[in-house]
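Undergrad: Please find the sequence and the predicted model below.
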Amino acid sequence: MSFRIFLLLSLFIFSCSDDFLLRRASSDYFPLKEGMRWTYAVNGDSLWVEVVGDSNAFGHFVTVVLRNFIEEYWIKERGEVKKFFLFDTVIAGERETLEMGYKLYYKFPLVDKDTWSETKLDTVLIAGDSFQHRYYLKTFSSFVDTVLNYFDCYQIDFYQERELIKLSDTTERHRIFRSWVEFLAPEVGVVRREDGGRVEILTSFRK
């Protein structure tokens, strides 16, 4: 093979690779357009998700998504997607709301072997005692190509941790862990989600 042919082939391969990466980077892996609807098979049952439109919720302009008739609030801005969380738990026999607000969920564009995280500290009052509340989210994204006949997919591994430390007695600590995995396809969104023993598999999608 002559040097000129080798050079032309190399340039062609690099050009195709660049086009491939640019296409992935410019794709929307979490589309939220009004009227979109996803149906999932979940352990022998069904789950449907639908974008119903824009609104205001808890001080922010949001996109409202119905997940089996339960409202979810999402914010998409500047390469970040945030979701509204209301988190409560039972400590010392008392159910308390520890936190409510918008938390980072995705960062775009997705990149192979990339990670992002968020940490927040605040103080909460539970049954008359003050606790330091630490919230921590870490993710890892990896390119997996094909999932359920969808191409150019990414896998995102989520790890979420909350820790409560009683300020008057730091030996009293409560830790809550959660981890789950999502598979996202361009212009479709989540095609598969694994959360403990619960698996959601996309069966139909309407734009």
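TA: Yep, it's here.
Undergrad: shaky segments in this protein?
TA: 1-25, 91-92 (pLDDT under 70).
Undergrad: Find the residue at the geometric middle of it.
TA: Tyr105 (4.2 Å; C-alpha atoms, centre = their mean).
Undergrad: what's in contact with the helix or strand it falls within?
TA: Element membership of Tyr105 [criterion: DSSP states H and E] is strand 94-107. Applying C-beta atoms under 8 Å, 6 or more residues apart in numbering, the set of residues contacting strand 94-107 from outside is 29-30, 58, 60, 73-75, 79-90, 116, 118, 122, 124-127, 133, 135, 137, 156, 162, 164. (Each C-beta comes from the backbone N, C-alpha and C, glycine too.)
Undergrad: And the longest strand seen in the chain, what does it pack against?
TA: Ordering each strand of the chain by length in residues (DSSP state E) puts strand 129-147 first. Counting contacts by 3 or more C-beta pairs under 8 Å, 6 or more residues apart in numbering; DSSP states H and E, strand 129-147 is packed against strand 94-107, strand 114-126, strand 150-166, strand 173-185.
Undergrad: could you say what helices and strands the third one packs with?
TA: Pointing back at strand 150-166 there. Using 3+ C-beta pairs under 8 Å, 6+ apart: strand 150-166 touches strand 94-107, strand 129-147, strand 173-185.
Undergrad: Residues in a beta bridge with the closest residue to Ala127 other than its chain neighbours, which ones?
TA: Excluding the flanking residues, the one nearest Ala127 by C-beta to C-beta, 6 or more residues apart in numbering is Glu94, at 4.5 Å. Using DSSP bridges, the bridge partners assigned to Glu94 are Ile91.
Undergrad: Turn the helices and strands packed on strand 150-166 into CSV, including distance to Glu50.
TA: Below are the helices and strands packed on strand 150-166 laid out as CSV (distance: least, C-beta to C-beta, whole Å):
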stretch, distance to Glu50
strand 94-107, 18
strand 129-147, 22
strand 173-185, 18
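Undergrad: that older thread, how close does the residue nearest to the centre of the chain get to Cys153?
TA: 18 Å (C-beta to C-beta, to the nearest Å).
Undergrad: do the same with Ser26
TA: Ser26 is 16 Å from Cys153, by C-beta to C-beta.
Undergrad: Look at these two and report which has more neighbours.
TA: Cys153 (22 against 9; other C-beta atoms under 10 Å).
Undergrad: Pull the contacting residues for the residue nearest to that one when sequence neighbours are not counted.
TA: Among residues not flanking Cys153 along the chain, Val147 sits closest, at 4.3 Å (C-beta to C-beta, 6+ apart). Contact analysis of Val147 by C-beta under 8 Å, 6+ apart lists Cys153, Gln155, Phe183, Ala185, Val191, Arg192.
Undergrad: Contacts only, for the third one.
TA: With contact set as C-beta under 8 Å, 6+ apart, Phe183 has these partners: Val144, Val147, Leu148, Cys153, Tyr154, Gln155, Ile156, Val190, Val191, Arg192, Arg193.
Undergrad: Kind regards, and thank you for your time.
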